[in-house]
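S.K.: Below is the sequence, then the predicted model.
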Amino acid sequence: MPDVKHMKWWGWGVEGVSFHHEDKPTFRPFLIKIIDLDVNTPPVSPMSLDDLPIPAPLISDQLLAELTDAVGADNVVQDDLDRIVHTYGKSAADLLRIRAGDIPRVPDVVVYPDNEAEVQLVVDRAVAADAVIIPYGGGTSFSGSLRPPEGETRPVISLDLGRLNQLIDIDEESGLARIQAGAQGPDLEEQLGEQGWSLGHYPDSFTHSTLGGWVATRSSGMQSDKYGDISDIARGMRVVMPGKVLEVRPIPATSTGPSVREMVLGSEGRLGVITEVTVQVRRIPEVRVILGYLFPSWEAGLAAMHEISSSDAHPSVHHPSL
């Protein structure tokens, strides 16, 4: 099985990582008072994977052989755990359904390509076999786009981009970086940081989501007031489609009509498989000082936001509820 990081199938995050309140003495009394929840109550153990009614794979030996030929035997996976991990996203509805054992349809196979050429082979062979492809990044989707249709009779392939996770290059003159679409937030920032750069995009799902997923879902981040949404940061992309690769060049501006770039942003994987994104990056400052301001009321915070918006100030985040 490929060395790709996945979240646990029954909840958010990875095994062994959890929130600790012991160093926050007022946190427990606050929760008890507000929502009558005692954090010292032992958690309910998650259900066993063996208890889930996981449907058997529905895929022909011929298509399975063609996918194996495209990416290698170790990168075509059919075990129950991998298939369940790739069935749902991480919305409340998704987690409730999977914990209730409501899984009428799961991917029949999970495929892990290593490069764009292998993605093209998988797409072409799936299309020829009239199979379904669901692109998969980090699995944090809350729009239901990862779940196969309940009545789908065609083979369903989950195409996991987790092995396409590298920074390709940085053009220091233009501040543009080419990054493979399967790079998750922390790995992406680590690779950029080694060369003194940062993307500055921090959505709530940053730890487990991918650059390609941000583009496909038109993501916004915690510091978008300063750095922009992903629609501002992503300048170009490469998208594998049946029989061809769509290349959106990272030009600064154009007046040639409808924007193909805008069509790809937020397309949720409907147009093709995003394999590479060219993004605007910024130099990491020599000194970083973070200041936060609290306001006594909603009205005061809203007035401050209005004043900031009409001034030349550019805070990283401004929100009256924070």
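M.R.: Structure's in. What do you need?

S.K.: how about low-confidence regions in the protein?
M.R.: The chain contains residues with pLDDT under 70 at 1, 316-322.

S.K.: can you tell me which residue is nearest the centre of it?
M.R.: With distances taken as Cα atoms, centre = their mean, Ser209 lies nearest the centre of the chain, 3.0 Å away.

S.K.: just checking, Ile170 touches Gly196?
M.R.: No. Look at Ile170 against Gly196 with Cβ atoms under 8 Å: they stay out of range, at 9.3 Å. Heads up, the C-betas are built off the backbone N, CA and C, glycines and all.

S.K.: can I assume Pro107 sits in a strand?
M.R.: No. Applying DSSP: H, G, I helix; E, B strand; the rest coil, one finds Pro107 to be coil, outside a strand.

S.K.: who has more neighbours, Ile170 and Gly196?
M.R.: Ile170 (19 against 13; other Cβ atoms under 10 Å).

S.K.: tell me the contacts of that one?
M.R.: When contacts are counted by Cβ atoms under 8 Å, 6 or more residues apart in numbering, Ile170 is found next to Leu176, Ala177, Arg178, Leu192, Gln195, Trp197, Val281.

S.K.: What's the separation between the first one and Glu194?
M.R.: Put plainly, it is Leu176. Plainly put, Leu176 is 17 Å away from Glu194 if you go by Cβ to Cβ, to the nearest Å.

S.K.: These two: which has the busier surroundings?
M.R.: Leu176 (17 against 9).

S.K.: roughly how far apart are that one and Pro252?
M.R.: Applying Cβ to Cβ to Leu176 and Pro252 gives a distance of 10 Å.

S.K.: list the residues that contact both of the two?
M.R.: Arg235.

S.K.: ChimeraX command for the buried members of the contacts of Ile170?
M.R.: Buried members of the contacts of Ile170, defined by 16 or more other Cβ atoms under 10 Å, are picked up in ChimeraX with:
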select :176,177,178,192,197,281
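
S.K.: Inside helices: which ones of the contacts of Ile170?
M.R.: Filtering these for membership in helices, criterion DSSP state H, returns Leu192.

S.K.: that older thread, wouldn't the residue nearest to the centre of the chain be in contact with Gln184 here?
M.R.: Yes. Using Cβ under 8 Å, Ser209 is in contact with Gln184, at 6.6 Å.

S.K.: so what's in contact with the two at the same time?
M.R.: Common neighbours of Ser209 and Gln184 (Cβ under 8 Å, 6+ apart) are Gly138.
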